[in-house]
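Chemist: make a model of this:
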Amino acid sequence: MHDEVKSAALNPYHMAVQQFELAADMLNLSEDMREILRQPKRELTVNFPVRLDNGRIKTFTGYRVQHNVNRGPAKGGIRYGPEVTLDEVKALAMWMAWKCAVVGIPFGGAKGGVICDPKTMSSAELERMTRRYATEISIIIGPRSDIPAPDVNTNSQVMAWIMDTYSMHEGFSSPAVVTGKPLSIGGSEGRNDATATGVLFVTRQAAKRLGMPLQGARVSVQGFGNAGAIAARLFHNEGCKIVAVSDTRGGIYNESGLEPSSVLRHKQEQGSVVGFPRAQFIGVHDVLEVPCDILIPAATEGVITAANADRVLARIIAEAANGPTTPEADVILFKKDIVVIPDILANAGGVTVSYFEWVQD
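Modeler: Numbers count the residues shown, from 1 in each chain. All right, here's what the predicted structure looks like:
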């Protein structure tokens, strides 16, 4: 097997624009329409100081991008991570615009991010950073303008901090400013499982069209965070055999199958899936190439490329992550008769249930 990381030259926004141009060609879109849709409507970059637990001040950089709001308020998650870039956020905002249109909900696309390493920060530091970031972007977010949600390294607690901060600035409670909140403050039942549930639903239909039963199907999952871990559990409950999973530290493989709840407990105790008993260690990206019927990339963008697409053995790729497959890889996978369920459909369950939450608030 090979463990090739994504190329440093890969630019998510360039990839998103390339995908857009290919789709625009197929749809015979006019140049005027392309000019409108290929650029984000608004980009906000903020630099803000936060006091750390040791008393030092550190300046963080954050972004909020709104791609298009013709269908309604901008909608999109907020992610935290050391590798967050403006171009990544721009790409994710564009994909959100297409995703909301695909499932027919009245939102435009948006995305946000903060450059930080949440794994090295205390809960108090994360709260102070989140509240300051929320204050900085409060000039463009709001229940009728731009509604954030959880994404990579953020969760319902982060959304609660944002809602509380925004509400304090407004002078009244504003639960609809974010989705993915705790149930106690207006969250929606099932929102936490929604993305992975959507992945299961569309994969079930794709398998049905291929005449492939899910019972006994081998599944490999890259990324064992919220979407990946829940997807592994749901597919396991459906009768699938989870043969491989991975996180940022590495992966594990067992051709006889892994029990997702046991793997999750191990990760919660040890900080990684690596070291799980009775499983072979594999590289982070080797999980993309193990023998399987269904591959679920649930980590980051640009992991299936022209360099490794020819080694993918799955019959179905269900894109739980945003933009995991490059356009060049798509061509190779198509020639291999591998069915790719695109991210803007496969993982749209999350934003669909977010819409329900927004409406009820």
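Chemist: ok, M159 touching P175?
Modeler: No. M159 is beyond contact range of P175, at 9.9 Å (criterion: CB atoms under 8 Å). Using the backbone N, CA and C atoms, a C-beta is placed for each residue, glycine as well.
Chemist: so if I had to pick from those two, which one is more boxed in?
Modeler: M159 (27 against 20; other CB atoms under 10 Å).
Chemist: where along the stretch 201-350 of the chain do the strands fall?
Modeler: 218-222, 241-247, 250-258, 280-282, 294-297, 316-318, 339-341 (DSSP state E, counting those that start in this stretch).
Chemist: where in this protein is pLDDT low?
Modeler: 1-9 (pLDDT under 70).
Chemist: try 50 this time
Modeler: 1-8 (pLDDT under 50).
Chemist: just want the most central residue of it.
Modeler: Nearest to the mean C-alpha position of the chain, counting by CA atoms, centre = their mean, stands A321 at 4.5 Å.
Chemist: what about that residue, distance to G186?
Modeler: For A321, the distance to G186 equals 28 Å [CB to CB, to the nearest Å].
Chemist: next: H169.
Modeler: H169 is 18 Å from G186, by CB to CB.
Chemist: which one of the two has more residues nearby?
Modeler: The residue with more neighbours, out of H169 and G186, is G186; 19 against 11, by other CB under 10 Å.
Chemist: which residues touch the closest residue to the more buried one other than its chain neighbours?
Modeler: In space, and not counting its chain neighbours, G186 is closest to P175: 3.7 Å by CB to CB, 6 or more residues apart in numbering. Shown in contact with P175 (CB atoms under 8 Å, 6 or more residues apart in numbering): M163, K181, I185, G186, D361.
Chemist: wait, the fourth one touches F356, no?
Modeler: No. Because the distance of 11.6 Å does not satisfy CB under 8 Å, G186 is recorded as not touching F356.
Chemist: break this structure into its domains for me.
Modeler: The chain breaks down into these domains under automatic domain parsing: 40-187, 193-347.
Chemist: next, the distance between the ends of the last one.
Modeler: The first residue of domain 193-347 is 11 Å away from its last residue (CA to CA, to the nearest Å).
Chemist: pull the distance from it to the chain's centre.
Modeler: 14 Å (CA atoms, centre = their mean, to the nearest Å).
Chemist: and if you look at the shortest one?
Modeler: Averaging C-alpha coordinates over domain 40-187 and over its chain gives two centres that are 14 Å apart (CA atoms, centre = their mean).
Chemist: first to last residue in that domain, what's the distance?
Modeler: OK, domain 40-187 end separation, CA to CA: 29 Å.
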